[in-house]
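this one's structure only:
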């Protein structure tokens, strides 16, 4: 495609802010010989399937939340008789404080999809502004993973920020503003919000009220991806986060209502389960499983499933 997106200045800012300090930190905690196999899978009721499998080498490693290394991935996409493959090499870096979740995650790579090449990114940086107030910046750049978009090499930039404010004992509010810029000249503006109440803090159970909405600049379906003029969703969710014998287990059950353009409201669902092994061991395991129902091209009953799993171990 002739149209090229200009990478926002946020990309450069995030790289400088989060990667350099972590390299300095990691060099003082070198532990050679760490491998990190990963696999993620996605499927839906439109028979679209995506599998991404790879291996990482982490020469700068402290624990499961502080490391820097390289990663090679193979992507496989298929739908009925159609199939597409891609390969990627990335720099990966993570430095997260397990007490408050603040810090950074970076995945910056080069992806080859047929005749199309893309410098892609998946990065976020969370910081404390003052007591009770946290902020996060994020930037994502990748292919749009639908059949038409992958054939045409359509990509996107998604960037923005969120603010988390503790209102009172047990109450937290989170707001997010973001923007998608697609290489087919569509722009999508996002607004999201969460109101969280610690229902049973000792058991790690909270109640969430969620809202999200977006609007596209293109007012007609472009056939490349689900592209309504307007979309909004309100959801009530119960979430759990609890340590079990040093493992961190978390889950979420959410039900809601969605509205696409002027169509009648319909139901949405989201179910997630996540397990993380202790981060201070030489073997680290992380896995997240999810299932959801929302709207797409063919109506409001689009169902999808996903699994993300990674392992870190010495050799």
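Perfect, I can see it now. As the structure is a computational prediction, the values presented were derived from the model and not from experiment.

how much space between residue 181 and residue 311?
Look at residue 181 and residue 311: by CB to CB, to the nearest Å, they are 35 Å apart. The C-beta positions use only the backbone N, C-alpha and C, and glycine is treated the same way.

pretty sure residue 69 is touching residue 54, no?
No: under the criterion of CB atoms under 8 Å, residue 69 is not in contact with residue 54, lying 11.8 Å apart.

quick one, phi psi at residue 147?
When read as degrees, to the nearest 10, the backbone of residue 147 gives phi -60, psi -50.

who touches it in this structure?
48, 77, 79, 82, 84 (CB atoms under 8 Å, 6 or more residues apart in numbering).

burial count for the last one?
Counted with other CB atoms under 10 Å, residues neighbouring residue 84 total 17.

can you check the fourth one too?
When neighbours are defined as other CB under 10 Å, residue 82 has 12 of them.

how near is the nearest residue to it once chain neighbours are set aside to residue 301?
Among residues not flanking residue 82 along the chain, residue 147 sits closest, at 5.9 Å (CB to CB, 6 or more residues apart in numbering). Applying CB to CB, the value for residue 147 to residue 301 is 19 Å.

for residue 198, same thing?
33 Å.

what do you get for residue 71?
Distance, residue 71 to residue 301, using CB to CB: 36 Å.

These two: who's more crowded?
The residue with more neighbours, out of residue 71 and residue 301, is residue 71; 20 against 13, by other CB under 10 Å.

tell me which residues in stretch 304-315 are buried?
Residues of stretch 304-315 classed as buried: 304, 306, 308, 310-312 (neighbour count, 16 or more other CB atoms under 10 Å).

now stretch 81-88
Here stretch 81-88 shows 84, 86, 88 as buried, counting by 16+ other CB under 10 Å.

Isn't the second one up against residue 115?
In other words, residue 86. No: taking contacts as CB under 8 Å, residue 86 lies outside contact range of residue 115: 11.3 Å.

still on that earlier bit, out of the contacts of residue 147, who's nearest residue 292?
residue 48 (14.2 Å; CB to CB).

any idea of the pLDDT on that closest one?
Model confidence at residue 48, given as pLDDT, is 96.

Check residue 4 too.
Residue 4 is assigned a pLDDT of 41 by the prediction.

hang on, the earlier thing: please render the buried residues of stretch 304-315 as TSV that adds pLDDT to the earlier fields.
Putting the buried residues of stretch 304-315 into TSV (pLDDT from 0 to 100) gives the following:
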residue	pLDDT
304	97
306	98
308	97
310	96
311	95
312	93
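
Quick check: the farthest pair among the residues you listed?
304 and 312 (27.5 Å).

related to what we said a few turns ago, from the buried residues of stretch 304-315, which single one is nearest residue 164?
residue 308 (23.3 Å).

Pretty sure the closest one sits against residue 287.
Yes: assessed by CB under 8 Å, residue 308 is found in contact with residue 287 at 6.9 Å.

Could you measure from the residue nearest to residue 66 when sequence neighbours are not counted over to residue 78?
The shortest distance from residue 66 to any non-neighbouring residue, by CB to CB, 6+ apart, is to residue 95 (5.2 Å). According to CB to CB, residue 95 stands 36 Å off from residue 78.
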